[in-house]
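Trainee: A predicted structure for the sequence below; I have some questions about it.
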Amino acid sequence: MVSVAMITLYAVLAEIMVLTLISTNKELKDKLGKKGITVNPFMILWDVGKVPRVKKLTESKLTRQVFLIAGLLNFAALLGLLYWQVLPSLYNIFNVWISGRGQVSSPFVPVIPGLTISIESFIYILLALSIGVAFHEFFHALAAYSVNWRVEAWGVGIFLIFPLAYVKPSEEDYSKASIKAKATVLTAGVLANTILFLIAVPLLPLVTSQLSLAPTIIEVANTTPPPPAVKAGIQAPSVILSVNGTSVKSIYDFINLLKEYSNRTVVLDLKLTPGRIVNGRVYFDTSEATNYLVVKPAGGKIGIYLEDIPTYRTSSLTIAGVKFLYWFEIINISLGLINAAPLYISDGGRLISDAFGEKYSILNHLVQGGTAVAITALLIIGLIRFT
């Protein structure tokens, strides 16, 4: 059977082939260009129209100051966060390489549908990415207006299978602008993603609190010799109702109950009921509960894998809301970090290039090239470690 990852790969390759054929057909490309559609081998862009100027907002001196100060502070904070993740990981790789001991690690894992994430999760990612990118570009446009730049158009497009949005500030205005004006505009998009992230942070636990969860045994370890759970006859999936007569409502409750027995052998009385996991929810009947006696060895484990799964009493809308906010939070902080990073393709890269200028071009290339190599290496390592 062809995997989802392979289907996704074939779809991307087919898309690249089609776009490449279009981009090499001058007559067709010109017709599309007259309609505001630009086709490249890896992406397609469509100029939708002009961005509303919102004069009262963008002509305010306060707006311009807020964009500049908040944008630069946020930009610096995200750069610090990025290198706080990257530098220790590079140090770890260097140590493993020199000593020949240990394992390399990475804080980053690339998004690959069907491989590193499920197709269901990818749907939420696409939605979160669409909103995050749209606001990112909208803030660029507002900041451009605030420094009296012309914005020629805004549009939407697709890069491989990822949606994107963009604005086209006047290159003439950009080239004549001061570094202060450029910083105002270039940091505005990153600021938008941070704002969306900060909105999601309190909303996620609020919506999560509406979930009805059940600590569910999703798998029993299949090892040799058999773990205590197998010897006791425990089957998966099963919902844990109580341990030694004490009610259990979450994995946190279960772990807390077992803490006092961590360094001694004990017989645990687990009250379990069979479960059925359907569409991300677990169905069970407490009247079917059975008690299992499990001998947990001192310092050992009982051999089960647990997950807090929404029960049948939780609405599908609440589950969808939690999943969306979870990815919305991750996507926006990721967009902020990527665009703040000094990379040749990012807002941060362009700002660094303008700040260094021709005089420090070698330093500029060292910073951007080094960062690009480091992040690429960590993404590859993250993918290898994940798989």
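Mentor: Now that the structure is in, tell me what you want to look at.
Trainee: Next up, the contacts around I251.
Mentor: Applying C-beta atoms under 8 Å, 6 or more residues apart in numbering to I251 gives the contacts P215, L306, E307, D308. Bear in mind the C-beta positions are built from the backbone N, C-alpha and C, glycine included.
Trainee: Name the nearest residue to L28, sequence neighbours excluded.
Mentor: Spatial nearest neighbour of L28, excluding adjacent residues (C-beta to C-beta, 6 or more residues apart in numbering): I22 at 5.8 Å.
Trainee: helix, strand or coil for that neighbour?
Mentor: Classification of I22 by DSSP: H, G, I helix; E, B strand; the rest coil places it in helix.
Trainee: now L115
Mentor: What three-state DSSP gives for L115 is coil.
Trainee: What are the contacting residues of stretch 219-237?
Mentor: For stretch 219-237, contacts defined as C-beta under 8 Å, 6+ apart pick out 216-218, 270, 272, 274-277, 282, 292-297, 300-305.
Trainee: Can you give me the buried ones in the helix or strand hosting F67?
Mentor: Using DSSP states H and E, the element containing F67 is helix 61-99. For helix 61-99, a neighbour-count test (16 or more other C-beta atoms under 10 Å) marks 63-64, 66-68, 71-72, 74-75, 78-79, 82, 86, 89-90, 92-93 as buried.
Trainee: Kindly report the same for stretch 191-198.
Mentor: Of all the residues in stretch 191-198, those buried under the rule 16+ other C-beta under 10 Å are L191, A192, N193, T194, I195, L196, F197.
Trainee: As a markdown table, those residues with pLDDT, distance to V156 and secondary structure would be great.
Mentor: Conversion of the buried residues of stretch 191-198 to a markdown table gives the following (pLDDT from 0 to 100; distance: C-beta to C-beta, whole Å; DSSP: H, G, I helix; E, B strand; the rest coil):
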| residue | pLDDT | distance to V156 | secondary structure |
| --- | --- | --- | --- |
| L191 | 97 | 21 | helix |
| A192 | 96 | 16 | helix |
| N193 | 96 | 17 | helix |
| T194 | 97 | 22 | helix |
| I195 | 97 | 21 | helix |
| L196 | 97 | 18 | helix |
| F197 | 97 | 22 | helix |
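Trainee: what's around Y174, how many residues?
Mentor: When neighbours are defined as other C-beta atoms under 10 Å, Y174 has 18 of them.
Trainee: likewise A144?
Mentor: When neighbours are counted by other C-beta under 10 Å, A144 registers 27.
Trainee: For it, give its distance to E59.
Mentor: Distance, A144 to E59, by C-beta to C-beta, to the nearest Å: 12 Å.
Trainee: ok so, going back, which of the contacts of stretch 219-237 fall within helices?
Mentor: Judged by DSSP state H, those include no members of helices.
Trainee: Please, a ChimeraX command that selects the buried ones among those?
Mentor: Buried residues within the contacts of stretch 219-237, by 16+ other C-beta under 10 Å, are selected in ChimeraX with:
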select :216,217,270,272,275,277,282,292,294,296,302,303,304
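Trainee: Now intersect the contacts of stretch 219-237 with the strands, please.
Mentor: 216-218, 270, 272, 274-277, 282, 292-296, 304-305 (DSSP state E).
Trainee: So this protein: which segments form each domain?
Mentor: With automatic domain parsing as the criterion, the domains of the chain are listed as 4-40, 55-208+320-386, 213-313.
Trainee: among the ones you listed, where is the model least confident on average?
Mentor: Note on the domains of the chain: domain 4-40 shows the lowest mean pLDDT, a mean of 70.
Trainee: Pretty sure I381 sits against I93.
Mentor: Yes - using C-beta atoms under 8 Å, I381 is in contact with I93, at 7.4 Å.
Trainee: Mutual contacts of the two, please.
Mentor: Residues touching both I381 and I93 (C-beta under 8 Å, 6+ apart): V104.
Trainee: just so I have it, where are all the helices in the chain?
Mentor: For the chain, the helices defined by DSSP H occupy 4-23, 26-34, 55-58, 61-99, 119-146, 171-176, 179-208, 228-231, 251-259, 316-340, 347-356, 361-386.
Trainee: With distance to S287 added, can I get the ones you listed in TSV?
Mentor: Converted to TSV, the helices of the chain look like this (distance: least, C-beta to C-beta, whole Å):
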stretch	distance to S287
helix 4-23	38
helix 26-34	64
helix 55-58	61
helix 61-99	49
helix 119-146	32
helix 171-176	70
helix 179-208	29
helix 228-231	23
helix 251-259	22
helix 316-340	25
helix 347-356	59
helix 361-386	41
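Trainee: Can you report how many residues neighbour F324?
Mentor: 20.
Trainee: quick one, what contacts it?
Mentor: Applying C-beta under 8 Å, 6+ apart, we find F324 in contact with Y124, L127, A128.
Trainee: G157 too?
Mentor: M43, I44, L45, W46, P163, L164, A165, Y166.
Trainee: Appreciated, that's everything.
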